[in-house]
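Colleague: Next comes the sequence, and after it the predicted model I'd like to discuss.
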Amino acid sequence: MAEPDPEPMASGAGQRLGAPETLGISTLDPGHRPPAMPPGRHVTIRVRMLDDTEELFDISQKASGKVLFDLVCSHMNLIEGDYFGLEFQNHQKMMVWLDHIKPIIKQLRRPKHTILRFAVKFFPPDHAQLLEELTRYLFALQIKQDVSIGRLTCNDSSAALMVSHIIQSEIGDFEESQCRSHLLNNNYIPDQMPLIDKIMEFHSKNIGQTPAESDYQLLEVARRLEMYGIRLHPAKDREGTRLSLAVAHTGVLVFQGHTKINAFNWSKVRKLSFKRKRFLIKLRPDLNSSYQDTLEFLMGSRDCCKVFWKICVEYHAFFRLFEEPKPKPKPVLFTRGSSFRFSGRTQKQVMDYVKESEFKKIPFERKHSRVQHNSRLSPLPSPRHHEVPTEVSVSVLQMAFSRTLSALVSAEDPSCSRITRASPSHQRNGHDDRKGSVSRTEDRRGSTRQTHPEHLSTGVGSNSPHLSASSGHSHGMVNGQKSLELCSHSPDGRQPSPLTSPLLNDACSVRTDDEDERFPTDRAYFIAKELLTTERTYLKDLEVVTVSFQNAVGQDEATPDSLKDTVFSSFEPLHKFHTGFLREVEQRLALWEGRSNAHIKGDYQRIGDVMLKNFQGLKPLTANLHKQSEVLLELEKACRSSRRLEGLCRDFELQKVCYVPLNVFILRPLHRLIHYKQILERLCKHYPATHVDFRDCRAALADVSEVVEQLQGSLIKMENFQKLLELKKDLIGVDNLVVPSREFIRLGCLSKLSGKGLQQRMFFLFSDVILYTSRGMTPTNQFKVHGQLPLHGMTIRESEDEWGVPHAFTLVGEQQSVVVAASSLAEMEKWMEDIKVAIETAKTSNGPSPNLLTSNLTDNKCPEDSTVEAESEDDIAASHTSLERPAPHRGNTMVHVCWHRNTSVSMVDFSVAVENQLSGNLLRKFKNSNGWQKLWVVFTNFSLFFYKSHQDDYPLASLPLLGYSVTIPSESENIHKDYVFKLHFKSHVYYFRSESEYTFERWMEVIRSATIPSSVARVLNNKESHPH
């Protein structure tokens, strides 16, 4: 174990920002505080971070190691801190980990003269298991350090590839002279000079890669190396051969030099122990193995044995146990053996905690580690002359501070304020100041920590010596105080990053309570206004296909002409028609409101005549509406025959403008007809028969009902086809999912009972088969299929009493039986009802369904039961360029929402959701804020999408509603406004305020449709009434 203290890396350590003494944002659960400091004399502990900066922590000598470690993690706002540890050189010159249980005074003999190193302690097999971008950034720093000191050995190609990703994250896109100069001045690997050309070649292929993506690619290369996460402990075997022992997530490894020669998986190890200098591995009996029952290795000393034994115990507990092991009771008379145990959360507990508290996470803004400081971006006055940019290194604590500023102020302390200062990481050079993924939902950006823009406005004032370069220079008014208009464009004209979204951090859209607008009070006006607001959203959705999709995909040579013609001929006439229709509706509403000709009354306070005239013009376009199914089929056929086109469509779906799956946009024209019908039905119900607008509304309703009836059968088929195509993208390990006779019924989370206990699984119920999956720990965000259960011959029974598991039921198939448990009684009843109906339907089918699983999967063997095999460096070839890395996949689909919220949705729910789309302006308020923020809100696909205005091309954020409840605020909540509804999920609360009683009722209605389940019988009734 006695490894030398690693030399500092050549790259200079950055200075810490002028941050307040405490960063002020707790990563603990609500209501908890950092551990109390024990009484006693305090001592200053020096901790060296992964970027070689040093931080001082004042702590009591009697405090345990965990108190110090928690302070370090809190200092960086690190949530997944359990992967890390503090190591130091003890009095025997051995590098050891700080014990979390023992007092610091018993571990550090000379605390003032000891430097503790913050480092990665547990290396997971796949970096996709790291759920926070800050954690991945720290892992990347650890890899950079290990490569630099020669601990992570590899071939030249892998070393050059890793360095190329490191410099991409530091200096941005490739520019030959800059890259060469940077490599000459900084050493990243031993003996770097001969590899400079190769590094530059790899760097030139990384153009467009953001720092976060570079970190990801660095970890992707590193994890495949044999020495990834390995710390060698010198030993000898019985014959005296020099070896090294190491521990990994899979078990205990044996190395000769830097070559692994043996591995003992945890499942094969019965006991690990040591006796004096001998380290003993006792194996489980195996008739097929040639190994002895107990293997013995000789190490340098008893202390070396104990150090290695301790880290083995911790690795086994962290990766293999579900929860922290309980301490053994102390013997009364005498002890035998060590009392050491693993202290802290296991990997499973960490991942569960981050998933459950994902709404509380603080946004982390990953920027280039070395950025050019240019004085022209500073808001302070400066003479206009060119200066030589100076290179500034950004430390990990600056990154954490940037993360803190992005979150502004925690909701737990709404009264506190903070002065913001310009960070080098906020300055820009010629390269893009790239940030993380552009398609984050409001959940994953942590908006429900309830951070409020008003707090920033009180903290930024004339006393602040610098303003953030990205803040802009225009000002708005928030509750009578000036505030930075954070929603303005950045200095170079680009939109602000979603990681610092105006929706979360912006004060410019907050309106004061005395700004009430005046509208006509007639209910018909608000019904007509719903037509206007939803038509605006619909036209934007059409432009996603006619403009954005055509520009991104239609111009590529891989797109067949037949697909271009089908899309163009179907959508262009519809887009042209609805553009004119929207213009007429806007003009009529302007007259109705009195904004144009206020003296005109009566004749213009109606909408039926506009709808009747336009729907008669829509009739010739009915053929175009019938073509929507052709577009869907043509697109699927083209993607199947061209991998390039499939990749183009997948990349387009990841763009911000494509806020729901592409196939949903293709079916929008059919869904829009249903919306017209519902609006006209409400108008006809509202008007008396003698009203001047009643006759036109009734005639328009007859026209649109006729078209809807013609298209209903095709719509049901297309919705099912579209859902199967969407699920096909979410699943891996399944073939032939999309077949004409298969119908989707329900998807959602159930716990499957196995030898390891209850394990969370995603179940998919179709008309002929049930598939069960788990979320793959891969960058593609897909779900891996574990097995299938044909419905033919299946029976189902409740089995709560049989297994002692709440809400459990058993699926008894012809080949196997599966015991599952739902999260609640209501969930169990929904699943059992749908499965029983599906079983009855399957009895009339032609027999059991064909095998859906790919050849490497079987019903009885799940991937998690197999052992993890190490990967060789030869596998690196697939990752040489950013274009060849695993294709990303939408991570915010309904499947992922159900996984995180532990719930389910049916095809009936999807059908209801598309019928209940709604959009319009709402005022939003957080639980602890004072002002109301005006937003354009769109409800579709079980989610609320938030925009600054209806003219925006893409949403700033989204909020999936599954699991939320919608209610009216109580008196105790002091919301003294009309037409306010409350959305809440666990501890997350939002208030929304609408403009009228009608809009309030409509928002309540559509949001309830996303949270209250429908009966499966409705689907069957629909099919019976619309045979096809």
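Modeller: It's in. Residues are numbered from 1 along each chain as shown.
Colleague: low-scoring stretches of this protein, by residue?
Modeller: 1-36, 286-292, 325-341, 357-365, 369-520, 595-603, 776-780, 846-892, 1013-1028 (pLDDT under 70).
Colleague: list the contacts for residue 545?
Modeller: 567, 571, 665-666 (C-beta atoms under 8 Å, 6 or more residues apart in numbering). Where C-beta positions appear, they are placed from N, C-alpha and C, glycine not excepted.
Colleague: ok, and the most crowded of those residues?
Modeller: For the contacts of residue 545, the largest number of neighbours (other C-beta atoms under 10 Å) sits with residue 571, at 26 neighbours.
Colleague: what residues go with each domain of the chain?
Modeller: The record assigns the chain these domain ranges, following the TED database: 230-320, 525-729, 732-844, 917-1022.
Colleague: out of the ones you listed, nearest to residue 134?
Modeller: Of all these, domain 732-844 sits nearest to residue 134, with 17.4 Å by C-beta to C-beta.
Colleague: end-to-end on that closest one?
Modeller: Domain 732-844 has an end-to-end distance of 29 Å (C-alpha to C-alpha, to the nearest Å).
Colleague: Now tabulate the contacts of residue 545 in TSV and tack on distance to residue 800.
Modeller: Below are the contacts of residue 545 laid out as TSV (distance: C-beta to C-beta, whole Å):
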residue	distance to residue 800
567	52
571	52
665	43
666	44
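Colleague: taking those one by one, which sit in helices?
Modeller: Of those, the ones assigned to helices by DSSP state H are 567, 571, 665-666.
Colleague: which two from these end up farthest apart in space?
Modeller: Spanning the widest gap among those are 567 and 665, at 10.9 Å by C-beta to C-beta.
Colleague: Next, the contact list for residue 737, please.
Modeller: Residues in contact with residue 737 (C-beta under 8 Å, 6+ apart) are 724, 727-728, 731, 852.
Colleague: Which residues are in contact with each of residue 567 and residue 665?
Modeller: 545, 549.
Colleague: so residue 704 makes contact with residue 679?
Modeller: No. If you go by C-beta atoms under 8 Å, residue 704 and residue 679 don't touch, sitting 9.4 Å apart.
Colleague: from the ones in helices among the contacts of residue 545, which single one is nearest residue 944?
Modeller: Distances from residue 944 to these, taken by C-beta to C-beta, are shortest for residue 665, at 18.1 Å.
Colleague: quick one: contacts for the closest one?
Modeller: Residue 665 sits in contact with 541, 544-545, 549, 658, where contact means C-beta under 8 Å, 6+ apart.
Colleague: need those in a markdown table with secondary structure, can you?
Modeller: Below are these laid out as a markdown table (DSSP: H, G, I helix; E, B strand; the rest coil):
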| residue | secondary structure |
| --- | --- |
| 541 | helix |
| 544 | helix |
| 545 | helix |
| 549 | helix |
| 658 | coil |
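Colleague: so how far is residue 698 from the closest residue to residue 534 other than its chain neighbours?
Modeller: Leaving aside its sequence neighbours, residue 534 sits nearest to residue 919 (C-beta to C-beta, 6 or more residues apart in numbering; 5.4 Å). Applying C-beta to C-beta, to the nearest Å, the value for residue 919 to residue 698 is 26 Å.
Colleague: now do residue 682
Modeller: 13 Å.
Colleague: of the two, who's got more company?
Modeller: residue 682 (19 against 16).
Colleague: Leaving aside the residues adjacent along the chain, what's closest to the more buried one?
Modeller: Leaving aside its sequence neighbours, residue 682 sits nearest to residue 527 (C-beta to C-beta, 6+ apart; 5.3 Å).
Colleague: can you confirm that neighbour is in a helix?
Modeller: Yes. Assigned with three-state DSSP, residue 527 falls within a helix.
Colleague: Do I have it right that it meets residue 679?
Modeller: Yes. Counting by C-beta under 8 Å, residue 527 touches residue 679, with 6.2 Å between them.
Colleague: chain center to the longest helix seen in the chain, what's the gap?
Modeller: When the chain is parsed with DSSP H, its longest helix is helix 694-730. Chain-centre distance of helix 694-730: 32 Å, with C-alpha atoms, centre = their mean, to the nearest Å.
Colleague: Show me which residues of it are buried.
Modeller: For helix 694-730, burial by neighbour count (16 or more other C-beta atoms under 10 Å) applies to 694, 696-701, 703-704, 707-708, 711-712, 714-716, 718-727, 729-730.
Colleague: From the contact counts, what lies against it?
Modeller: For helix 694-730, the packing partners by 3 or more C-beta pairs under 8 Å, 6 or more residues apart in numbering; DSSP states H and E come out as helix 608-618, helix 622-626, helix 628-641, helix 662-666, helix 668-686, strand 744-754, helix 907-915.
Colleague: how close does the residue of the chain most remote from its centre get to residue 680?
Modeller: Relative to the centre of the chain, the most outlying C-alpha is that of residue 690, 54.6 Å out, by C-alpha atoms, centre = their mean. Relative to residue 680, residue 690 is positioned 18 Å away (C-beta to C-beta).
Colleague: what are the phi and psi angles of residue 247?
Modeller: For residue 247, the backbone dihedrals (degrees, to the nearest 10) come out as phi -130, psi 140.
Colleague: what's the burial count for it?
Modeller: Counted with other C-beta under 10 Å, the neighbours of residue 247 add up to 24.
Colleague: so what's residue 991 up against?
Modeller: For residue 991, the contact set (C-beta under 8 Å, 6+ apart) comprises 924-927, 969, 975, 980-983.
Colleague: One more pass at 7 Å, please.
Modeller: By C-beta atoms under 7 Å, 6 or more residues apart in numbering, the contact list for residue 991 reads 925, 969, 975, 980, 982.
Colleague: Thanks a lot, see you next time.
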